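K.L.:
dropping a prediction and its sequence here:
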Amino acid sequence: DAGVTQSPTHLIKTRGQQVTLRCSPKSGHDTVSWYQQALGQGPQFIFQYYEEEERQRGNFPDRFSGHQFPNYSSELNVNALLLGDSALYLCASSLGGRNVATQYFGPGTRLTVL
Amino acid sequence: AQSVTQLGSHVSVSEGALVLLRCNYSSSVPPYLFWYVQYPNQGLQLLLKYTSAATLVKGINGFEAEFKKSETSFHLTKPSAHMSDAAEYFCAGSEADSSYKLIFGSGTRLLVRP
């Protein structure tokens, strides 16, 4: 049973560029959440997708956007990259969209902005 | 609004000694609480979760945590540390019935001395 997968594992971009990160949820899961983990900090919630809609959003600017596909996979897009966007981006999947549902995390994508 | 505080960014114990990692939460409603572990260059793995059932929660790898409402705490313990327990540990919470996001503490790095 495949867990949560993310691609790519590492990415290097320059300021002002755009980036797309991808996530495939654990088999049977229909909800995807994205988190940003800066070096030495805990993960910060970006947003959650359920039934192809953004259901809840954290304190991130509109440069951060996402999408969920009918097969429940998801993309995170970041426009106009800033140095401060350098972080580990974690995707988590869960079942049914309930807040009590356990979120299972992928290995993350390490984004470096130069 | 909920917040999660982890006391001690680093905890060092000897192999075989008791592990105690501290977590306090603030919430206006009964929370759901989680402990995750993160090994270097990996995503987060769920250790255990509290969802208002038993206050003493047992998790994987011999870890357990006790929910104490009077102290607003959810400390993680393990009777005997192993070298393989060395990792970063995160406490996280979600407000019951009102939010889907996980709010993470800043993490505690556990060092295990031989």
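P.N.:
Received, thanks.
K.L.:
residue B:73 contacts residue B:26, doesn't it?
P.N.:
No: assessed by CB atoms under 8 Å, residue B:73 is found out of contact with residue B:26, at 11.0 Å. Any C-beta I mention is one placed from the backbone N, CA and C, and that applies to glycine too.
K.L.:
now do the phi/psi pair for the nearest residue to residue B:102 once chain neighbours are set aside.
P.N.:
Taking CB to CB, 6 or more residues apart in numbering or on different chains, and ignoring the residues beside it in sequence, residue B:102 has residue B:92 as its nearest neighbour in space, at 4.4 Å. Backbone torsions of residue B:92, given as degrees, to the nearest 10, read phi -140, psi 150.
K.L.:
per-residue pLDDT, residue B:92?
P.N.:
Note on residue B:92: pLDDT of 93.
K.L.:
quick one: contacts for it?
P.N.:
Contacts for residue B:92 (CB atoms under 8 Å, 6 or more residues apart in numbering or on different chains) come out as A:42, B:4, B:33, B:34, B:35, B:36, B:102, B:103, B:104, B:105.
K.L.:
kindly report the same for residue A:29.
P.N.:
Per CB under 8 Å, 6+ apart, neighbours of residue A:29: A:72, A:93, A:94, A:95, A:104.
K.L.:
what's the distance between residue B:100 and chain A?
P.N.:
Relative to chain A, residue B:100 is positioned 5 Å away (CB to the nearest CB, to the nearest Å).
K.L.:
for that residue, give its distance to residue B:37.
P.N.:
22 Å (CB to CB, to the nearest Å).
K.L.:
same thing with residue A:47?
P.N.:
Taking CB to CB, one finds residue A:47 at 24 Å from residue B:37.
K.L.:
residue B:73 and residue B:26: which has the busier surroundings?
P.N.:
More crowded of residue B:73 and residue B:26, by other CB atoms under 10 Å in any protein chain shown: residue B:73, with 18 against 12.
K.L.:
which non-adjacent residue is nearest the more buried one?
P.N.:
Ranked by CB to CB, 6+ apart and with sequence neighbours excluded, the top spatial neighbour of residue B:73 is residue B:24, at 5.2 Å.
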